[in-house]
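**Student:** next comes the sequence, and after it the predicted model I'd like to discuss.
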Amino acid sequence: MNVITKVCKQCGEEKLLSEMEKCKKSKDGTRKTCMVCKRKRYFKSRSNNVERQKQNQRKSHLMNRYKITLEEYDAMVIKQDNKCGICGREGNSHSNTRHLDVDHCHDTGLIRGLLCNRCNQSMGKVKDNPELLMLMYKWLTQGGYDGLETH
């Protein structure tokens, strides 16, 4: 049995190819560093640049999930005066790290605006269904089960 190994340029240890960092472009499918060294490098970089790391994660999230840039998100925050589009609560009012959520139509992907987490979750729980929201409104304004006519 022919076992193929490679020496990691970082730690100098001979490793199996399966223990090396992956790379589709190289002939053997691996980079010159092992996965252990890659992890060390990643966590060292991450601990040195926590704020930059958070910013990059936020940019990636906005682009991957909503197809918008951080600059476009910031423009929406300014346009909405950093307030929830439904209840008017200010962004970051209940947490230093919580941003306003991007509200979008799950069918079309169209962005409607920014909402606080509470309003955004409420929209999600009713599945963006206006009829269900109207029934909830009727329930609240007419006193619940005893106040509604039965069908």
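**Tutor:** Thanks, I have it.

**Student:** after the lowest-mean-pLDDT helix or strand in the chain comes which helix or strand?
**Tutor:** Least confident helix or strand of the chain, by mean pLDDT, DSSP states H and E, is helix 35-48 with a mean of 80. Once the chain leaves helix 35-48, the next helix or strand it forms, by DSSP states H and E, is helix 50-66.

**Student:** contacts for that next one?
**Tutor:** Arg46, Ile68, Thr69, Leu70, Glu72, Tyr73, His99, Val102, His104, Gly109, Ile111 (Cβ atoms under 8 Å, 6 or more residues apart in numbering). Quick note: C-beta positions are derived from backbone N, CA and C, even for glycine.

**Student:** ok, the third one to Gln10 distance?
**Tutor:** Using Cβ to Cβ, to the nearest Å, we find Thr69 at a distance of 35 Å from Gln10.

**Student:** any idea how this protein splits into domains?
**Tutor:** 5-47, 65-141 (automatic domain parsing).

**Student:** quick one: which of Thr69 and Gln10 has more around it?
**Tutor:** The neighbour comparison of Thr69 against Gln10 (other Cβ atoms under 10 Å) goes to Gln10, with 15 against 12.

**Student:** count of neighbours near the closest residue to the more buried one other than its chain neighbours?
**Tutor:** Spatial nearest neighbour of Gln10, chain neighbours left out: Cys37 (3.8 Å); criterion: Cβ to Cβ, 6 or more residues apart in numbering. Residue neighbour count, defined by other Cβ under 10 Å, stands at 20 for Cys37.

**Student:** residue contacts, Cys37?
**Tutor:** Contacts of Cys37 (Cβ under 8 Å, 6+ apart): Cys8, Gln10, Cys11, Glu21.
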